[in-house]
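J.: Requesting a structural model of the entry that follows:
(4 chains)
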There are 2 protein chains.
Amino acid sequence: MSADEDTLAPRDFESLRSLIIDRRSVLPRRLAQVAKYALDHPDEVAFGTAASIAGAADVQPSTLVRFAHQLGYDGFSDLQKVFQERLRGRNSSYEERMEALKTAKEDEKGEAALVRGFLAAAQRSLEDFSSLVDPALLSRAVNILAGADTIYLLARRRSYPLVAHMAYAFGKLRVKNNLIASPNGIDPEIAAMAGRNDAALAISFSPYAADSISQARAMSDAGVPVVAITDSAFSPLADCATEWLEVAESDYAGFRSLSASMALCMALPVAIAEARLQKQR
Amino acid sequence: MSADEDTLAPRDFESLRSLIIDRRSVLPRRLAQVAKYALDHPDEVAFGTAASIAGAADVQPSTLVRFAHQLGYDGFSDLQKVFQERLRGRNSSYEERMEALKTAKEDEKGEAALVRGFLAAAQRSLEDFSSLVDPALLSRAVNILAGADTIYLLARRRSYPLVAHMAYAFGKLRVKNNLIASPNGIDPEIAAMAGRNDAALAISFSPYAADSISQARAMSDAGVPVVAITDSAFSPLADCATEWLEVAESDYAGFRSLSASMALCMALPVAIAEARLQKQR
DNA sequence: TCCATTGTGGAATATTTATTTCATTTGTGC
DNA sequence: GCACAAATGAAATAAATATTCCACAATGGA
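T.: Modelled structure (predicted):
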């Protein structure tokens, strides 16, 4: 057990990569062979078994374990995790940051820790969502809404702040809209005013508010195009929507973030207003 | 062994996804639960073990195997391979992806670029704000609000979604609150109901909504403690507030982000509810 | 209400997979 | 070319993981 093995063992792929490149020249033949194979076929290392990788790299499984030990890992499985993280949506630099925040938690007083927790959840939501943005889908959704005479905004409870902002943004951009959130109980009647030339934007996340769903379905049945923002392919909203956009938010202390959905809800009005301008020409 | 199981078993993720969406409605409870988990957390399914995935989805490992069989696979491992294939070749280290996002702006079509722009602005806001969090100040602000009988929430226009969320969160946490945003023009009268035992939380960013400011000042003059969230030391809100918290948001396409303020507005109710619990003891 | 069918949890089992061990080979300084 | 250390291959072992099995519960039809 040389001193090396205690100090090393990077947890993120980029550091590991540099380490391997550094070390390769001083490694024995078989280990160098593994080093080369690992950097040339990182996907294989991430998904393969010790035996399959060893076969492909033309070494013995035990050589893989030795290689991992040499680099300071507990074993091959430990090393493999780094290769897996690389392919994961949230990779280790993210994990590290979360760790940093978590440890900061203990130092700080309760309130600041809480704020950081929510900031971290928000950040995570943004990152996760940014990899899910589908330009074609987005384009279809914007098209539907840009073609509408009046846009009906439908959301309750946790999602309500999102449409509240949209109503504000649409107002500034002079886009006709109708926020279905009246405190006087005539929501269904307002929803019934929507026709084929209008469109609805419905937002709901699990646990889905029952009347959001039923009103969205009613509008959809009435031939109103419905664009939905929701959190799963199995959301009842996804069912009845003409197009639906997926946003999966992280949560903290029992409250889900709104940052990704909010960013989307800020972009939509601008995109819609722009699409309308282009149609006028 | 029904005929189904021979004919099916897609080898690529997209087909599998459609198949699962199709089938889910006719699946038994636990299998549907697995279906949802699998589509909501595909990375976990790709890298996890039967036990870890089963744990996360809150089912038994055997249920995973049944699920795979139901879909026509040999077993869970066979199904898992499809989830792994999805990630192969997608070698996105975190840095690479962030770079891609920033440069992709120019390549991508309008709508997706717009969404990315707002996501980036949100991210910047979060980062900027996280370095400004002042535990002591936060603690004083929470104290004021935790000591109040009723919390009056005051915000207009762009800031309204923030207090809309807070009203929701306070509701869930059973904290008495009063959202000053009535559509019937009696806001000043509602504000006048606040007394020394209450407190106000006012939010306003430049350009400051005139009546937010005047109502905040009125309450402050009446001896109501006021906690403010605003964007500058020179904000008129900072003037009349007992304590004020600074949040500077980035903007994109003429609309300022709300992500940092929103994170703060999610943390505050939780912090306040916790502080109240501790006071009771 | 009963029966038959289908679904479910949990433990037992089988299988796969990683790791360790050790005999053998290879390389290196003298 | 000899002795010594380091490296290697192959097989044995240990650990983990998936799968099967069975008793029991829930469900739906007669």
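J.: what helix or strand does the residue positioned nearest the centre of chain A sit in?
T.: With distances taken as C-alpha atoms, centre = their mean, A:Asp128 lies nearest the centre of chain A, 2.1 Å away. Taking DSSP states H and E as the criterion, A:Asp128 maps to helix A:110-130.
J.: Just confirm yes or no for that helix near chain B.
T.: Yes - legend: contact between helix A:110-130 and chain B by C-beta under 8 Å from any C-beta of the partner chain is shown at A:110-112, A:114-119, A:121-123, A:126, A:129-130. Yep, even glycine has a C-beta here, placed from its N, CA and C like the rest.
J.: What are the phi and psi values at the residue nearest to A:Pro236 when sequence neighbours are not counted?
T.: Nearest non-adjacent residue to A:Pro236, counting by C-beta to C-beta, 6 or more residues apart in numbering or on different chains: A:Ile213, 4.8 Å away. Here is the backbone geometry of A:Ile213 (degrees, to the nearest 10): phi -60, psi -50.
J.: residues touching A:Ile213, list them.
T.: A:Ser204, A:Pro236, A:Leu237, A:Cys240 (C-beta atoms under 8 Å, 6 or more residues apart in numbering or on different chains).
J.: Between the residues you listed, which sits nearest chain B?
T.: The nearest member of the contacts of A:Ile213 to chain B, counting by C-beta to the nearest C-beta, is A:Pro236 at 11.1 Å.
J.: tell me, how many neighbours does the closest one end up with?
T.: Neighbourhood size, A:Pro236 [other C-beta atoms under 10 Å in any protein chain shown]: 19.
J.: And A:Ala121, by the same measure?
T.: 24.
J.: residue contacts, it?
T.: Residues near A:Ala121 by C-beta under 8 Å, 6+ apart: A:Glu249, A:Ser250, A:Asp251, A:Tyr252, A:Arg256, A:Ser257, B:Ala263.
J.: most neighbours, which of these?
T.: B:Ala263 (30 neighbours).
J.: So which residues on the stretch 51-200 of chain A come close to DNA strand D?
T.: A:Val59, A:Gln60, A:Pro61, A:Ser62, A:Thr63, A:Arg66, A:Ser77 (C-beta under 7 Å from any atom of the strand).
J.: how about TSV for those, with neighbour count, pLDDT and distance to DNA strand C added?
T.: Shown next, in TSV, are these (neighbours: other C-beta atoms under 10 Å in any protein chain shown; pLDDT from 0 to 100; distance: C-beta to the nearest atom of the strand, whole Å):
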residue	neighbour count	pLDDT	distance to DNA strand C
A:Val59	19	92	11
A:Gln60	14	91	7
A:Pro61	15	93	4
A:Ser62	12	92	3
A:Thr63	19	93	9
A:Arg66	18	93	7
A:Ser77	12	93	4
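J.: Nearest to A:His165 among these?
T.: The shortest approach to A:His165 among these belongs to A:Ser77, at 46.7 Å (C-beta to C-beta).
J.: Any part of the helix or strand hosting the closest one near chain B?
T.: Using DSSP H and E, A:Ser77 maps to helix A:76-87. Yes - with C-beta under 8 Å from any C-beta as the criterion, chain B is reached by helix A:76-87 at A:Gln84, A:Arg86, A:Leu87.
J.: could you say what helices and strands that helix packs with?
T.: Judged by 3 or more C-beta pairs under 8 Å, 6 or more residues apart in numbering or on different chains; DSSP states H and E, helix A:76-87 is in contact with helix A:13-24, helix A:42-47, helix A:61-70, helix A:92-107.
J.: And the pLDDT for the closest residue to A:Glu246 other than its chain neighbours?
T.: Closest residue to A:Glu246 apart from its sequence neighbours, by C-beta to C-beta, 6+ apart: A:Leu132 at 6.2 Å. What the model reports as pLDDT for A:Leu132 is 83.
J.: In three-state terms, label A:Leu132 for me.
T.: What DSSP: H, G, I helix; E, B strand; the rest coil gives for A:Leu132 is coil.
J.: show me the contacts for it.
T.: A:Glu246, A:Val247, A:Ala248.
J.: Report the buried members of these.
T.: Buried members of those, counted by 16 or more other C-beta atoms under 10 Å in any protein chain shown: A:Glu246, A:Val247, A:Ala248.
J.: what's the residue of the stretch 51-200 of chain A found nearest DNA strand C in contact with, if anything?
T.: At 2.2 Å from DNA strand C, A:Gly75 is the closest residue in the stretch 51-200 of chain A, using C-beta to the nearest atom of the strand. Taking C-beta under 8 Å, 6+ apart, we find A:Gly75 in contact with A:Val65, A:Ala68, A:His69.
J.: Could you rerun that using 10 Å?
T.: A:Ala50, A:Leu64, A:Val65, A:Arg66, A:Ala68, A:His69 (C-beta atoms under 10 Å, 6 or more residues apart in numbering or on different chains).
J.: tally of neighbours for the fifth one?
T.: Using other C-beta under 10 Å, A:Ala68 has 21 neighbouring residues.
J.: That one and B:Arg88, how far apart?
T.: 22 Å (C-beta to C-beta, to the nearest Å).
J.: and if you look at the last one?
T.: A:His69 sits 27 Å away from B:Arg88, taking C-beta to C-beta as the criterion.
J.: Please say which of the two ends up with more neighbours.
T.: Legend: neighbour count by other C-beta under 10 Å for A:His69 and B:Arg88, higher for A:His69 (17 against 13).
J.: what's the pLDDT at the more buried one?
T.: If you check A:His69, the pLDDT there is 91.
J.: Correct me if wrong: it contacts A:Ser77.
T.: No - using C-beta atoms under 10 Å, A:His69 is not in contact with A:Ser77, being 12.0 Å away.
J.: weakest of the helices and strands packed on helix A:76-87 by average pLDDT?
T.: Averaging pLDDT over each of those puts helix A:92-107 lowest, since it has a mean of 47.
J.: I'd like to know how many residues surround A:Gly72.
T.: Applying other C-beta under 10 Å, we find 17 residues neighbouring A:Gly72.
J.: can you put the contacts of A:Ile213 in a markdown table and add distance to DNA strand D, secondary structure and pLDDT?
T.: Formatted as a markdown table, the contacts of A:Ile213 follow (distance: C-beta to the nearest atom of the strand, whole Å; DSSP: H, G, I helix; E, B strand; the rest coil; pLDDT from 0 to 100):
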| residue | distance to DNA strand D | secondary structure | pLDDT |
| --- | --- | --- | --- |
| A:Ser204 | 26 | coil | 95 |
| A:Pro236 | 19 | helix | 90 |
| A:Leu237 | 25 | helix | 93 |
| A:Cys240 | 23 | helix | 91 |
